[in-house]
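Chemist: Got a predicted model here, sequence first, then my questions.
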Amino acid sequence: MIQDVLTVMWRDWIVLRRRLKKFILSRLVTPILYLVAFGWGLGKNINMASGSYLDFLVPGIIALNTMNVSYMSITTVHAERVYHKSLEEYLSAPIEPAAFVIGKILSATVRALISTALILGVALIFGAGLKFFSEPVNFLAVIILNSIIFGSVCFCAALKVQTYEELAQVNTYLLMPMSFLCGTFFSTSELPPVIRFVIEILPLTHTSCLLRYGFDSLSMLILLTYAICLLWLATRLFKKLSL
């Protein structure tokens, strides 16, 4: 099982290695824009009780980045199913379906980790205080869990929708609202109670809080539950392709 997972990851790593320069450059653009516009521009007029707005913003950008990178990294599964018709070949290969799913999602997690490292470097250049370095295990665990969650979300969507337009709609109706409402750019404490209740159910809210404020057992348990359930669902949907 482990060997099969590593084989799938190695295949994706070869693809990434050939495009690594383009990947790095593309991953730098959005964080720099956020840090300039919100951290330097808008942030100068905002005072946070815990420190500067730039320090508050960086964990939110990392949470947002890992969500987007892990999700977008799995979109190729849709093309392999609908256009290339290659998923059936993976199902007929002598590997467990779960190994393919886990390998693909862990490959997306590796991309998210690389992108996170780039953001940390840029944030240091901008003068942000990176307090979460005091809890490196918590930091890495949260990044990995968040990447698994949204990689699994995309894997499930890629196996169900028929067109790229429908796959983009998942981004529009699910990821985009979370990008702005789940504590990435502002605290959710000022929102109306009903809206806040809904938002605090969503995984990205807990990711933002864990990265910003440190370890919390309830938030970590919620992320772990999301990751296990969505990974199980992605594996189950993939197995159904062979029926």
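Modeler: On my side now, so go ahead. Fair warning: this is a prediction, and the values are worked out from it, not measured in the lab.

Chemist: which outside residues touch the helix or strand that residue 195 is a member of?
Modeler: Following DSSP states H and E, one finds residue 195 within helix 193-199. Outside helix 193-199, the residues within contact range by Cβ atoms under 8 Å, 6 or more residues apart in numbering are 181-183, 188-189, 191, 205. Quick note: C-beta positions are derived from backbone N, CA and C, even for glycine.

Chemist: Now those residues in a markdown table, please, with extra columns for secondary structure.
Modeler: Supplementary listing: the contacts of helix 193-199 in a markdown table, determined by DSSP: H, G, I helix; E, B strand; the rest coil:
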| residue | secondary structure |
| --- | --- |
| 181 | helix |
| 182 | coil |
| 183 | coil |
| 188 | helix |
| 189 | helix |
| 191 | coil |
| 205 | helix |
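
Chemist: Just among those, which is most surrounded?
Modeler: Most neighbours among those, by other Cβ atoms under 10 Å: residue 183, with 27 neighbours.

Chemist: Can you classify the closest residue in space to it that isn't next to it in sequence by secondary structure?
Modeler: Sequence neighbours aside, residue 208 is the residue nearest to residue 183 in space, at 4.0 Å (criterion: Cβ to Cβ, 6 or more residues apart in numbering). Under the three-state scheme (three-state DSSP), the conformation of residue 208 reads as helix.

Chemist: May I ask which helix or strand encompasses the residue positioned nearest the centre of the chain?
Modeler: By Cα atoms, centre = their mean, the chain has its centre lying nearest to residue 67, at 2.3 Å. Assigned by DSSP H and E, residue 67 belongs to helix 53-73.

Chemist: just checking, what packs against that helix?
Modeler: Here helix 53-73 is seen to pack against helix 20-34, strand 47-48, helix 97-125, helix 136-160, helix 176-181, helix 203-213 when contacts are counted using 3 or more Cβ pairs under 8 Å, 6 or more residues apart in numbering; DSSP states H and E.

Chemist: Please tell me how far that helix is from the chain's geometric centre.
Modeler: Helix 53-73 has its C-alpha centroid displaced from the chain centroid by 8 Å (Cα atoms, centre = their mean, to the nearest Å).

Chemist: mean confidence score for it?
Modeler: For helix 53-73, the mean pLDDT works out to 90.

Chemist: tilt between it and helix 136-160?
Modeler: Helix 53-73 and helix 136-160 meet at an angle of 40 degrees, taking axes from the mean of the first three to the mean of the last three Cα atoms, to 10 degrees as the criterion.

Chemist: which one of the helices and strands packed on helix 53-73 has the lowest average pLDDT?
Modeler: When the helices and strands packed on helix 53-73 are compared on mean pLDDT, strand 47-48 scores lowest, with a mean of 64.

Chemist: Just the endpoints, please. Distance across stretch 196-208?
Modeler: Using Cα to Cα, to the nearest Å, the gap from the first to the last residue of stretch 196-208 comes to 14 Å.

Chemist: how far does that stretch sit from the chain's center?
Modeler: Relative to the centre of its chain, stretch 196-208 is centred 14 Å away, using Cα atoms, centre = their mean.

Chemist: and stretch 102-122, which residues are buried?
Modeler: Along stretch 102-122, these residues count as buried under the neighbour rule (16 or more other Cβ atoms under 10 Å): 102-113, 115-116, 118-120, 122.
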